[in-house]
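# build me a model from this:
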Amino acid sequence: MLEDLADAASSLEEVGSREIDGASTDGYELTSEERTETWWIDGDGRLRAFEFVYADGSTGGGTLFGYGEESRVDAP
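Okay, the predicted model is just below:
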């Protein structure tokens, strides 16, 4: 996953670690012309959380969870 991140960014920097939903993660800041993103990756290479700031100052982000849990989708 980190190789894909590096290809998409003009710079990539490790920014530390933090725990997200009980999982240890490492943070990586990616910078491009349009935005700066921070991606938090767990020891299995899974994205756990992300944050971004666009050049115009707008922000956003999210947390991913439930890896390995069974899920159910009911058709309408």
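# can you count the residues close to Y28?
Neighbourhood size, Y28 [other C-beta atoms under 10 Å]: 21. For every residue, glycine as well, the C-beta is placed using N, CA and C.
# report the beta-bridge partners for it.
Y28 forms beta bridges with E14, W39, as assigned by DSSP bridges.
# so what's the spatially closest residue to R46 that is not a sequence neighbour scoring on pLDDT?
Excluding the flanking residues, the one nearest R46 by C-beta to C-beta, 6 or more residues apart in numbering is Y67, at 5.8 Å. For Y67, the pLDDT comes out at 86.
# pick out the residue nearest the middle of this protein.
W39 (2.9 Å; C-alpha atoms, centre = their mean).
# so which other helices or strands are in contact with the helix or strand L12 falls within?
Assigned by DSSP states H and E, L12 falls within strand 11-20. Contact here means 3 or more C-beta pairs under 8 Å, 6 or more residues apart in numbering; DSSP states H and E; on that basis strand 11-20 packs against helix 2-8, strand 23-31, strand 35-42.
# now mean pLDDT too, for these, in a markdown table please.
Output for those, formatted as a markdown table (pLDDT from 0 to 100):
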| stretch | mean pLDDT |
| --- | --- |
| helix 2-8 | 64 |
| strand 23-31 | 94 |
| strand 35-42 | 94 |
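# deepest of these, which one?
strand 35-42 (a mean of 19; mean count of other C-beta atoms under 10 Å).
# next, the angle strand 23-31 makes with that one.
Strand 35-42 runs at 160 degrees relative to strand 23-31, counting by axes from the mean of the first three to the mean of the last three C-alpha atoms, to 10 degrees.
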